[in-house]
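[1] need the 3D shape of this:
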Amino acid sequence: MTTPWSRRAFLYATGSSALALGIAGAPGAEAADSYDALRATWRTLILGTGFSPTAEPFRSRLADLGSAASALLSTMAPVSGSLWPDAVYADPDPDTDQESYGYSARMNDSCTRLRTMAEAYSRPGTGLTGDSALATAIATGLDHLHSDVYNEGRAAYGNWYNWQIGAPQALLDSCVLLYDQLSSGQLASYLTAVDHFVPDSAVSVYSGTSTGANRVDLCRVLALRGVLGKSSAKLSLAANALSPVFPYVASGDGLYADGSFIQHTYVPYTASYGSVMLGGLGMLFALLAGSAWQVTDPARQIVFDAVENAWAPFLYNGLALDGVAGRAISRGISAAGGPQQDDHARGHAILASIVLLGQGASSAENARWRGLVKGWTQRDYYSPPLDDGFLNISSLARLKGVQDDSTVSAIAEPVGHRLFTHMARATHRRPTWAAAISMADKRITYYETGNGENLHGWHTGSGMLYWWGDTYANGQYSDAFWPTVDPYRLPGTTASRKALADAAGGDWGASRPDVNWVGGATDGQRASIGQYLKGLGSTLLAKKSWFCLDDAIVCLGAGISCTDGTAVESTVDNRNLGPTGSAALTVDGTVQPLAYPWSATLTGASWAHLAGHGGYAFPGRATVQARREERTGRWSDINKGSSTTPISRRYLALWADHGTNPSGAGYSYVLMPGASASQTAARAADASWLSVLANTDDQQGVQVPSLGFTGVNFWFGGTVGALTASAPCAVMIGERSDGTAVICVSDPMRMQTSLTLTWRRAVASVTSRPATVTGATTGSSLTLTFGDLSGTGGATQQTTVRLG
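    Numbers count the residues shown, from 1 in each chain. A predicted model of the protein is given here:
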């Protein structure tokens, strides 16, 4: 192991590097001024602007930053192999195994700690502002990390990310903040190390670890390397290398035209890697705006469009939906403690990124986005963004700026249904609640694990149905849900109780079911959604359908079979009641015991209601299992790098027990978010409201006459009610009060080269139809003939008719 150099020896040895890197004025005074301006811009982006350091919440946050930096300063002890005793990065057997991942993470963490200290030095109100001893310590730390581990003579070990993104970003930020305290020799040496680990070739091909959010992160490193090294070539490379991120993709990582965002090839990641990409682009657009290296690629408009096409559908009252957060759902509280990272924290970061991105968008886009952000911020009663300890101060300042801007009017939550066929996700948003469905198919993984994270996420893609109310239950999945919930009994899922190992199925989205029929059809307000489910590490097979309506979601299950030798369950719901919750459960008018633990078999149940949450109706009555229990877990149970402190939460679960090794089992229930007990009882008593047309292994379908709604998922061709399909497809029909109807059809399997659909309903004329409809016959019935649907990506094909 290389021993730490003395500061003087280090500067002497590296002093000549400055000229080689073109730092000491080589570009000329005029060009140098441009680089200095960019450096000043980045400094402002890091530190934020437009806030008073003596006003809350900034005063407290700045004081906390100062305390954190003081603690780091007092414990920093440079020795061979570490900069802090609790962050040893020297790897005795360097490779890419899990142990080496840990060592490289501690190297990265050491760089991040120095960045924290640099922020405390640079920000007002920290108690360490401009402190010379702190500046000296930071420079000593940078020198030590360079001589000891992050240098051009070192080969990377562990996680590539720590060497190419995490460490260099923190290192370069520190150099910007401490620029006037560093010699040209020091700076040159640090940049030489960055060049070693992040060469130009890191962005030469758009593949592997250089796509999507990772590509944006790499470009950030290259851009800051160009700013600090006064290199036009590096800045041009960074700006140009962003271009492959912009276009819509048809497979793999990136943004899709339907609003999907994928990272790691198979993982829906809008709220994690997608957030990183959005924030990184906002920072780089702002950095380079008005410079010779401004990003001018017209395809960047796709990113602006994606704010409402891709990100807004997954934001609700300030939180970002967990179904598109991947491994991030398991992070919670780190082993070192600190604020909790949850769906609200992830949402707040996205809100701040939208505000920043708006500075480079059109005035109309910027104004609308600020209205959306103001609405999300104001409605987040559970975790107000300005109280978010996880949000950095510059992001906090952006959100505070929007909140205080009297010219901005808050925009209400968007209402409607969105189906994201390219990532097997759906969102259903109503005026007083929102829901989301997570599925898996041969293109989309059940869940992602890796880096010791999300160890029990096995069934999150098995039809998990999330839901939130407008003014209630916004902490449902935020309040220690993931380490305490029964991972075999996630809301909406059908799962075998077969025990699975931590990280079962393999890392990085390796676990994908060999199924094609996953998707649905929607008119943008209502929908028919279906999933052919094959269990992870299990023989389980099931057909699951959701019919998303105005005040309810009708849930059907059929063909549920398994030979695992264990019980199989379909979870109606599993509500997190918090540490002391005692919400009353009423079943068919009888309030059930509030004791913990409590369980019961509810035979012949017609309806159930959970106070403060909503109702559940069981068409034709059902036998339902109910359990009230307190569960204890640790974040470290699901994430090896997280807190080991035990946490307890209370739950109320309802589920259908299909028994051991079921064959052809099924279920049906109606979820009514926010409904009162009387509304739930009335819905259950109204036999005319819902007709279950089919619930078999071949087809599932419902009709709701009062809404003019018919939805059928044809797992195989056949006849259901008034509909006949020649091949597998999803169908949703909406009859309108003006005498028209929409017929929405999709090919979730992406395999149909032809399809004929007949609706035995009098139709006078077809008023609009997609290009995929090659023939239409009207009269006493409607017959639509479709051509090749295999290339439509499972998207809905909508035809409008005038009824006869």
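[2] please enumerate the strands of the stretch 701-804 of the chain.
    709-714, 718-720, 723-725, 729-735, 740-746, 755-759, 763-768, 773-777, 782-786, 797-803 (DSSP state E, counting those that start in this stretch).
[3] dump the ones you listed into a markdown table; add distance to Ile437 as well.
    Using the backbone N, CA and C atoms, a C-beta is placed for each residue, glycine as well. What follows is those, written out as a markdown table (distance: least, C-beta to C-beta, whole Å):
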| stretch | distance to Ile437 |
| --- | --- |
| strand 709-714 | 13 |
| strand 718-720 | 21 |
| strand 723-725 | 22 |
| strand 729-735 | 13 |
| strand 740-746 | 15 |
| strand 755-759 | 24 |
| strand 763-768 | 28 |
| strand 773-777 | 27 |
| strand 782-786 | 25 |
| strand 797-803 | 20 |
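[4] please identify the most buried of the ones you listed.
    The highest mean neighbour count among the strands of the stretch 701-804 of the chain, using mean count of other C-beta atoms under 10 Å, belongs to strand 709-714: a mean of 30.
[5] list the strands paired with that one, with their directions.
    Strand 709-714 pairs in its sheet with strand 699-704 (antiparallel), strand 729-735 (antiparallel), by DSSP bridges.
[6] among the ones you listed, which is nearest Gln186?
    strand 729-735 (61.8 Å; C-beta to C-beta).
[7] ok, back up a step: the strands of the stretch 701-804 of the chain: which one's closest to Glu308?
    Nearest to Glu308 among the strands of the stretch 701-804 of the chain is strand 797-803 (20.3 Å), distances taken as C-beta to C-beta.
[8] tell me what angle that closest one forms with strand 782-786.
    With axes from the mean of the first three to the mean of the last three C-alpha atoms, to 10 degrees as the criterion, the two stretches strand 797-803 and strand 782-786 enclose an angle of 160 degrees.
[9] show me what counts as buried in the longest helix anywhere in the chain.
    The single longest helix within the chain, with elements called by DSSP state H, is helix 98-122. Buried positions in helix 98-122, judged by neighbour count with 16 or more other C-beta atoms under 10 Å: 100-122.
[10] one more: stretch 209-217?
    Burial within stretch 209-217, assessed by neighbour count using 16+ other C-beta under 10 Å, is assigned to Ser210, Thr211, Gly212, Ala213, Asn214, Arg215, Val216, Asp217.
[11] just to be sure, Pro313 is in a strand?
    No - membership of Pro313 in a strand is not supported by DSSP: H, G, I helix; E, B strand; the rest coil, which gives helix.
[12] can you add distance to Ala611 and mean pLDDT and give the strands of the stretch 701-804 of the chain back as TSV?
    Shown next, in TSV, are those (distance: least, C-beta to C-beta, whole Å; pLDDT from 0 to 100):
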stretch	distance to Ala611	mean pLDDT
strand 709-714	29	98
strand 718-720	37	98
strand 723-725	39	98
strand 729-735	33	98
strand 740-746	36	98
strand 755-759	42	98
strand 763-768	46	98
strand 773-777	48	98
strand 782-786	46	98
strand 797-803	40	98
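[13] still on that earlier bit, let's have the strands paired with strand 709-714 in TSV, adding distance to Asn451.
    Compiled in TSV, the strands paired with strand 709-714 are given as follows (distance: least, C-beta to C-beta, whole Å):
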stretch	distance to Asn451
strand 699-704	38
strand 729-735	36
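[14] so which of these is nearest Ser251?
    That would be, of the strands paired with strand 709-714 and by C-beta to C-beta, strand 729-735, which comes in at 21.6 Å.
[15] got the angle for the closest one vs strand 755-759?
    30 degrees.
[16] what comes into contact with strand 729-735?
    Residues lying outside strand 729-735 but in contact with it, judged by C-beta atoms under 8 Å, 6 or more residues apart in numbering, are 519-523, 525-530, 707-714, 723, 725, 741-748, 752, 755, 757, 759, 796, 803.
[17] the same query, at a cut-off of 7 Å, please.
    Contact with strand 729-735 is made by 519-523, 526-528, 530, 708-714, 723, 725, 741-748, 752, 755, 757, 759, 803, as judged by C-beta atoms under 7 Å, 6 or more residues apart in numbering.
[18] same question, stretch 256-266
    Everything outside stretch 256-266 that qualifies as a contact, by C-beta under 7 Å, 6+ apart, is 212-213, 248-249, 252-255, 268-270, 273-274, 309-310, 313, 418, 420-423, 443-445, 448, 508-509, 512, 795.
[19] among those, which are in strands?
    Secondary structure assignment (DSSP state E) places Gly254, Leu255, Pro268, Arg418, Phe420 from the contacts of stretch 256-266 within strands.
[20] confirm for me that the fourth one is in contact with Thr427.
    Think Arg418. Yes - counting by C-beta atoms under 7 Å, Arg418 touches Thr427, with 4.9 Å between them.
[21] any shared contact partners between the two?
    Shared contacts of Arg418 and Thr427 (C-beta under 7 Å, 6+ apart): Pro313.
[22] more crowded one of these two?
    The residue with more neighbours, out of Arg418 and Thr427 and counting by other C-beta atoms under 10 Å, is Thr427; that gives 26 against 21.
[23] would you mind listing the outside residues contacting stretch 633-643?
    For stretch 633-643, using C-beta under 7 Å, 6+ apart, the contacting residues are 330-335, 337, 452-456, 482-484, 644-647.
[24] scratch that, stretch 611-618 is what I was asking about
    The set of residues that contact stretch 611-618 without belonging to it, under C-beta under 7 Å, 6+ apart, is 472-473, 572-573, 575, 583-584, 605-609, 624, 654, 669-675, 677, 679-680, 683-684.
[25] now, of the residues you listed, which are buried?
    Among the contacts of stretch 611-618, those scoring as buried are 472-473, 572-573, 575, 583, 605-609, 624, 654, 669-675, 677, 679-680, 683-684 (criterion: 16+ other C-beta under 10 Å).
[26] re the thing from before, and the ones in strands among the contacts of stretch 256-266, which two are furthest apart?
    For those, the farthest-apart pair by C-beta to C-beta is Gly254 and Arg418; their separation is 18.2 Å.
[27] still on that earlier bit, so which of the buried ones among the contacts of stretch 611-618 are in strands?
    Those of the buried ones among the contacts of stretch 611-618 lying in strands (DSSP E): 572-573, 575, 605-609, 624, 654, 669-673.
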